[in-house]
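Trainee: Next comes the sequence, and after it the predicted model I'd like to discuss.
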Protein chains: 2
Amino acid sequence: MNRRLRNIHSALKQRRLDALLVCWPANISYLTESQSRDSYLLVCRKEDIYFTDSRYSEEAKIFLKGNAKLKECNGSVFKHIAQTVLGFKLKKVGIEERYLPTAEFARIKEYAGGKFDLIPTHGIIEDKRQVKDNRELAKLKEAARITALALEYIKQFLVPGVKEVEVVAELERFIRYQGARASAFDIIVASGPNSSRPHHLSGERKLKDNEPVLIDLGVDYQGYKSDLTRVFFLGKMNVLVRKVYDIVLKAQELAIRRIHPGAEMAGIDRVARAYIAKKGYAKNFTHNLGHGFGLEVHEDPRISGNEASALKPGMTFTVEPGIYLPGRFGIRIEDMVLVTRKGCEVISGSINK
Amino acid sequence: MNRRLRNIHSALKQRRLDALLVCWPANISYLTESQSRDSYLLVCRKEDIYFTDSRYSEEAKIFLKGNAKLKECNGSVFKHIAQTVLGFKLKKVGIEERYLPTAEFARIKEYAGGKFDLIPTHGIIEDKRQVKDNRELAKLKEAARITALALEYIKQFLVPGVKEVEVVAELERFIRYQGARASAFDIIVASGPNSSRPHHLSGERKLKDNEPVLIDLGVDYQGYKSDLTRVFFLGKMNVLVRKVYDIVLKAQELAIRRIHPGAEMAGIDRVARAYIAKKGYAKNFTHNLGHGFGLEVHEDPRISGNEASALKPGMTFTVEPGIYLPGRFGIRIEDMVLVTRKGCEVISGSINK
């Protein structure tokens, strides 16, 4: 059993749970140190059991090693899960309430026949995932390196007449030649007024002279995700765009300077938000300052104004202030940081702002 | 209100439900004829309400037209939903049990305070989605056209020494220049022995001479998904590979010939399976014959040996027999068909087998 599973076993003991049924792929991938698909993992004081079907049992045999026992399921996986719990005579089985669908909860409960209880839980594994170990950091740094390299590479394509979706096409191609498995999310290429929508869907619009192009790119490197945003300019930057850019950049610098172990998350968000407010754009910074990244591109911690938790060494999150002027343009600058023992390291730092 | 919503209203009346809370993005996209994100739709005998947050309300205003009323939510969307139901004095609200997470069910129930019931349902919208209308078919045919074109284009890259993931890279680039928004799923490029795993994750393996390369590609064109598989050969095809290829191709032809309105789905699966069994490969055809495609790449109907339903004109599904020899090679040939009034049309038919 690996260290990650041992930590969950301790957490279950503290909560007086006999087992935890894990259904969320990122959580299963974390615990089994693999890229798990279509499976359930029962973390259990008797024995950890990995349920999958014949399509994936061949690859599961290889990656599970001694970490969990493989159970290949024919027919209802929920019946198999319930029978295992009954066989072990367990009474209290945690479920991941944010992810387990209502129907699956109901099926397992039926098969339980009143002989064990399903207890809603959340965050047990996600909390542990916030702090990355060295193997995870190596993968995240490689993901960040590929991402920064791709943003350098793409500059040659940012000329008038090229469509947003064509820029996406070139990025999707390039990252795979650099060793990424895929992009981590729908790449955002938002030109001109499209940049004022934080979650723009890249489309057929053509880049134009004297406009900003916002590119928000993440890659998946061995299951670990990056997330990085830069704004590029074709031709001349007008005075307002320049002014807003400088405000966002300064807000990001102020926030990054505050990052160290023990710092309150809300304080990091607040310092950037206060600076943007002072410059008159409070209502144009419409999202949180940042979010954790790792096996998922959005994960805990949330760096928001009402998150009182303290930073810990090994946490990784984005710092991405933005100012959006609807219908005109938007500026977001996003970097990936790692909380170190003394302060913080910007792991996406190799690309200019 | 559009025709799709009207059909769901009728279905709810038959089931004596006052409303249906839709959370599955493909179902919301279908009913609102849009590409919906992070939203909930309450289909309701009083008034249809679309719940989203400030990130998406700008785009929602545009695509909703008169089809549903937009409710921009601050704070808990579940509270907003419950308050709406209470305001309308509804008693029986269906939920999508396969998709609504346990926690969301519990939150809405709390806010309901016993004043309305949540009734698990499934398939109400998915059933309607099986039969495509002309606008949907136009998009699916365009998706199929781009996919077939991409498989022609990629031949030039299929030379010894190229990595599987590099082939993926070139496909991901090409489809966007042809008008696709993205690939519909992780593109499978499986070379040599990797082709024996139906769900191979494309990786660093290099193509080799005298080996098959299986490519399973789908694209997203305006929200509609395609799914097409061909096996290519570098150099010479050995005798066994040729033999297996011919069996799979013949099995596919026999199945396609059977497709017409009124035909039992299981019968279509069985005719391909029986032929493969007769040739001695019964246990090497390890999955269903096909699946529906549309707003999702896998949707109803399932073309499997125990599906007694009858085909209807306007249904679209894949026909994809396969023979997998573990550790050696696999052959799958997959086409996309449309059930017409008299028989069937192979909408991916422009690429040779």
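Mentor: Thanks, I have it. Residues are numbered from 1 along each chain as shown, chains lettered A, B, ... in the order given.
Trainee: all helices of chain A, in order?
Mentor: A:3-14, A:25-32, A:54-64, A:77-87, A:102-112, A:124-129, A:134-153, A:164-177, A:239-257, A:265-278 (DSSP state H).
Trainee: Show me the least confident stretch of those, going by mean pLDDT.
Mentor: Confidence, taken as mean pLDDT, is least for helix A:54-64 of the helices of chain A (a mean of 85).
Trainee: what residues does that one touch?
Mentor: A:32-39, A:50, A:52, A:70, A:72, A:74, B:197-199, B:286-287, B:326 (Cβ atoms under 8 Å, 6 or more residues apart in numbering or on different chains). For the C-beta atoms, the positions are set from N, CA and C on the backbone; glycine is no exception.
Trainee: Just the buried ones from those?
Mentor: A:32-37, A:39, A:50, A:52, A:72, B:197-198, B:287 (16 or more other Cβ atoms under 10 Å in any protein chain shown).
Trainee: which of those residues lies closest to A:S348?
Mentor: A:Q35 (23.1 Å; Cβ to Cβ).
Trainee: thought that closest one was touching B:G203?
Mentor: No. With contact defined as Cβ atoms under 8 Å, A:Q35 does not reach B:G203; the gap is 10.9 Å.
Trainee: ok, back up a step: can you redo the helices of chain A as a markdown table with distance to B:D246?
Mentor: Shown next, in a markdown table, are the helices of chain A (distance: least, Cβ to Cβ, whole Å):
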| stretch | distance to B:D246 |
| --- | --- |
| helix A:3-14 | 48 |
| helix A:25-32 | 38 |
| helix A:54-64 | 25 |
| helix A:77-87 | 36 |
| helix A:102-112 | 42 |
| helix A:124-129 | 49 |
| helix A:134-153 | 42 |
| helix A:164-177 | 33 |
| helix A:239-257 | 61 |
| helix A:265-278 | 62 |
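Trainee: which bits of the stretch 251-353 of chain A sit near chain B?
Mentor: Neighbours of chain B within the stretch 251-353 of chain A, by Cβ under 8 Å from any Cβ of the partner chain: A:286-287, A:326.
Trainee: Closest to B:Y177 out of the residues you listed?
Mentor: In terms of Cβ to Cβ, no member of these lies closer to B:Y177 than A:P326, at 30.5 Å.
Trainee: Work out which residue lies at the spatial centre of chain A.
Mentor: The residue lying closest to the centre of chain A (Cα atoms, centre = their mean) is A:V297, at 2.0 Å.
Trainee: Next one: it from A:F185, what distance?
Mentor: 5 Å (Cβ to Cβ, to the nearest Å).
Trainee: same deal with A:Y56?
Mentor: Counting by Cβ to Cβ, the gap from A:Y56 to A:F185 is 24 Å.
Trainee: Inside strands: which ones of the contacts of helix A:54-64?
Mentor: A:50, A:52, A:70, A:72 (DSSP state E).
Trainee: rewinding a little: what is the neighbour count of the closest residue to the residue nearest to the centre of chain A other than its chain neighbours?
Mentor: The shortest distance from A:V297 to any residue other than its chain neighbours is 4.2 Å, reached at A:K225 (Cβ to Cβ, 6 or more residues apart in numbering or on different chains). When neighbours are defined as other Cβ atoms under 10 Å in any protein chain shown, A:K225 has 26 of them.
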